[in-house]
Structures are given as C-alpha cells and as structure tokens.
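Trainee: Model the following, please.
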Amino acid sequence: MSRSLRVLGIDPGLTRCGIGVVDVSPNRTASLVHVGVARSAPGDPIEKRLAAIAAGIREVLVAHEPHVVAVERVFAQNNRHSVMGTAQASGIALLLAAEHGLTAATHTPSEVKAAITGYGSADKLQVQTMVARVLRLDALPQPADAADALAIALCHAWRGGAAAAPAGETLTPAQKAWRDAEKRRSPQPRVARTHVRTGA
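Mentor: Numbers count the residues shown, from 1 in each chain. Here you go, the predicted model:
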C-alpha cells in the first residue's frame, strides 16, 4: 500500500507566520493534520522575533514529522520593511528544514493560487474556500495566514511533491504513474514575442 506524503506548508511572516500540515495520498486526496500561526511581538528586537517564529515552526516539525517543507517564495513588494520581515521568516523556515534533514521547496503566490483554485489571481476568500473543500473542513481555515500555509502544502503535493517518495523510499507503481502524468500535463513554457513598430 502506497504511503501518503506529509507536507509542512509555511506562509512566512514576521508578525504572523502561517503553518499548515497536510497528508496527501497518491490519488490526490488530502487530510488536515495541523494548522496554526507562529507569532512574534512587533515591539521585540528582531533576534527575539525570529527566535519566536523559529520556535513555533520547530514545535510543529517535532510534533508532526513532515516528509517535506514547502514555503511561499518571497517576491518584491512596495513595502520594503514588510518584504524584509517575510524574507527573514522564510530563511528561518528553510534553515529549520535543513536542520531536520528535509527537502524544502518554494512556490510563488500565483503558483499556489493556480494550483488550488485554477486561477492565478484568486483572492484570499477563494483560496480559503477551496482549501476547506479539499480538506473537507466544516469552516474556512482561519486566519488567512494559516489558510495560505495549507494552500502552499497542497500546491507542493499536487505539483509533483506527492509523487515523490519520502526520504529512503522507492516510488511505488502508482506514484510513478502519477509523476509521469504530472509531467505530461505540465504546460510548456511560452516564448514571449516582442513586436517592434517602426515609424513611417
């Protein structure tokens, strides 16, 4: 019997860091294992804030023993202070994954939204609604940071993560078939064409 993949998803943030753990089987069905938020006080020194975020992630790593870690990829924002905190929290998550001997992957917000809703520009409510439906939850996961963490975990599993066996295991026939199917259905990159207009 093939084994499900346990993914720890992290929506990095310095004040609130979303943390979600899901089990995803090779047939793509998923179940909720854990969801929560690691918090730090905005008035604390940066080193203390990062330590608080690290403690929250570490606690989940120890308690739930995921096979892989998926983190939302940091992207440029207008608020430089905000993106700096997000990048620092992301670095903490990736470091902890390495310390626990786990593979880590990053996914952009648009990749996550497209994987969960089929629409790369979906809003937070649409993401929350689909996460609740996929995980068969009675209510929308709250807060939004936690829902995003679950979405990141599901995105990683559905983009081929669950087709890969946990460390030390070989792929089952079902996992190989799923991996090959994922490769076949992956869209081919589009080549941008530049049109140059010349003056009369």
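Trainee: On the three-state scheme, residue 27 is what?
Mentor: coil (DSSP: H, G, I helix; E, B strand; the rest coil).
Trainee: separation between it and residue 157?
Mentor: To residue 157, residue 27 is 11 Å away according to C-beta to C-beta, to the nearest Å. In this view, the C-beta of every residue, glycine as well, is placed from N, C-alpha and C.
Trainee: Neighbour count for the two, which is higher?
Mentor: Each of residue 27 and residue 157 has its neighbours counted (other C-beta atoms under 10 Å); residue 157 has more, 27 against 11.
Trainee: Which helix or which strand is home to the residue nearest the centre of the chain?
Mentor: Centrality entry for the chain: nearest residue to the mean C-alpha point is residue 152, 2.4 Å, by C-alpha atoms, centre = their mean. Per DSSP states H and E: residue 152 is located in helix 144-158.
Trainee: same question for that helix, mean pLDDT?
Mentor: Throughout helix 144-158, pLDDT has a mean value of 94.
Trainee: Which neighbouring elements make contact with that helix?
Mentor: strand 5-11, strand 16-24, strand 30-39, strand 68-72, strand 103-107, helix 109-117, helix 124-134 (3 or more C-beta pairs under 8 Å, 6 or more residues apart in numbering; DSSP states H and E).
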